[in-house]
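Student: generate a structure from the sequence data that follows.
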Amino acid sequence: MEKSQLGQYVPVLLLAGVAVAFAFGTLLVSVIVGWRSKRSKIKDTAYECGMLPIGEGSTRMSVKFYLVAMLFILFDIEVVFMYPWAVVYREMLADAATRNLILGGMLSFLGVLFIGYIYALKKRAFDWKS
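Tutor: Next up, the predicted model:
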């Protein structure tokens, strides 16, 4: 028996409906259960390790922190791209036409990243004391 193309979307739509119903259902149950509890000013204050919350909730972070975080993401993505390349490289060595192409592609990728690394060093992005 051949199914229609629209009939194949029924399970997907059913799953989407269940997901939306679950999301709204849990919100509704939390509101209903939350009305029953007695709230006081003490219960509504934030709890921070037994200390009274005084002052601002968040402190200002240095731009260096975010710069180092972005550099970490950059070099983490480098590893994500290098691992599959290293796995496939041995198989690609068998074909003479693609041997130099795949090596040149990775060397150019590493060259751009190395230039970025040198730029970050010259801008003192890794210096925590300044």
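Student: please make it C-alpha for all contacts and neighbour counts, starting now.
Tutor: OK.
Student: please enumerate the helices of the protein.
Tutor: Using DSSP state H, the helices found in the chain span residues 10-36, 41-44, 63-92, 96-122.
Student: I'd like those helices laid out as CSV, including mean pLDDT, mean neighbour count and distance to I54.
Tutor: As requested, these are exported to CSV (pLDDT from 0 to 100; neighbours: other CA atoms under 10 Å; distance: least, CA to CA, whole Å):
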stretch, mean pLDDT, mean neighbour count, distance to I54
helix 10-36, 92, 11, 27
helix 41-44, 75, 8, 14
helix 63-92, 83, 13, 25
helix 96-122, 86, 13, 38
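Student: dump the ones you listed to JSON lines, plus distance to S4.
Tutor: Putting those into JSON lines (distance: least, CA to CA, whole Å) gives the following:
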{"stretch": "helix 10-36", "distance to S4": "11"}
{"stretch": "helix 41-44", "distance to S4": "55"}
{"stretch": "helix 63-92", "distance to S4": "39"}
{"stretch": "helix 96-122", "distance to S4": "44"}
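Student: the ones you listed: which one's closest to G50?
Tutor: Ranking the helices of the chain by proximity to G50 (CA to CA) places helix 41-44 first, at 12.7 Å.
Student: how close does Y9 get to L15?
Tutor: 10 Å (CA to CA, to the nearest Å).
Student: and the most centrally placed residue in the chain, how far from G7?
Tutor: When CA atoms, centre = their mean is applied to the chain, the residue found nearest the centroid is I73 (9.4 Å). Distance, I73 to G7, using CA to CA: 43 Å.
Student: V31 now?
Tutor: Distance from V31 to G7, by CA to CA: 37 Å.
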